[in-house]
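Asks: Quick one, fold the following:
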Amino acid sequence: MSRLTTEERNALPDDAFALPGRRYPIPDAAHARDALARASEMLHRGELTQDEYDTIHRRAEDVLRRERM
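Replies: Prediction:
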């Protein structure tokens, strides 16, 4: 996965992030897959709530579904 530069991240619209506060950028399929993996890790470590995880999962799956079309 390519890393977003600060400039690229700042240029993304708010709806390109899975969580409020511009957390978990998911502008494309690669970032969506990474968000799914990181969210699972963070949930198991107790650093995400189940609701936050569910939101990330739903939003990332939407991005992946759009990319497949």
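
Asks: Averaged pLDDT, the longest helix seen in the chain. What do you get?
Replies: The longest helix of the chain (DSSP state H) is helix 50-68. Regarding helix 50-68, the rounded mean pLDDT is 96.

Asks: quick one: contacts of that helix?
Replies: With C-beta atoms under 8 Å, 6 or more residues apart in numbering as the test, helix 50-68 has contacts from 18-19, 24, 26-29, 31-33, 35-36, 39-40, 42-43, 48. Just so you know, the C-beta spots here come from the backbone N, C-alpha and C atoms, and that holds for glycine as well.

Asks: So which of these sit within helices?
Replies: Those of the contacts of helix 50-68 lying in helices (DSSP H): 29, 31, 32, 33, 35, 36, 39, 40, 42, 43.

Asks: Nearest residue to the second one in space, please, no chain neighbours.
Replies: Nearest-residue entry for residue 31: residue 25, 5.6 Å, with adjacent residues in sequence omitted and distances by C-beta to C-beta, 6 or more residues apart in numbering.

Asks: Now do the contacts for that neighbour.
Replies: By C-beta under 8 Å, 6+ apart, the residues touching residue 25 are 4, 9, 12, 16, 17, 18, 31, 35.

Asks: Give the buried subset of those residues as a ChimeraX selection command.
Replies: Here is the ChimeraX command that picks out the buried ones among these, judged by 16 or more other C-beta atoms under 10 Å:
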select :16,17,18,31,35
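
Asks: re the thing from before, what pLDDT does the model give the residue nearest to residue 31?
Replies: 96.

Asks: can you pull the buried residues of stretch 55-69?
Replies: Of the residues in stretch 55-69, 55, 56, 57, 59, 60, 63, 64 count as buried by neighbour count, 16+ other C-beta under 10 Å.
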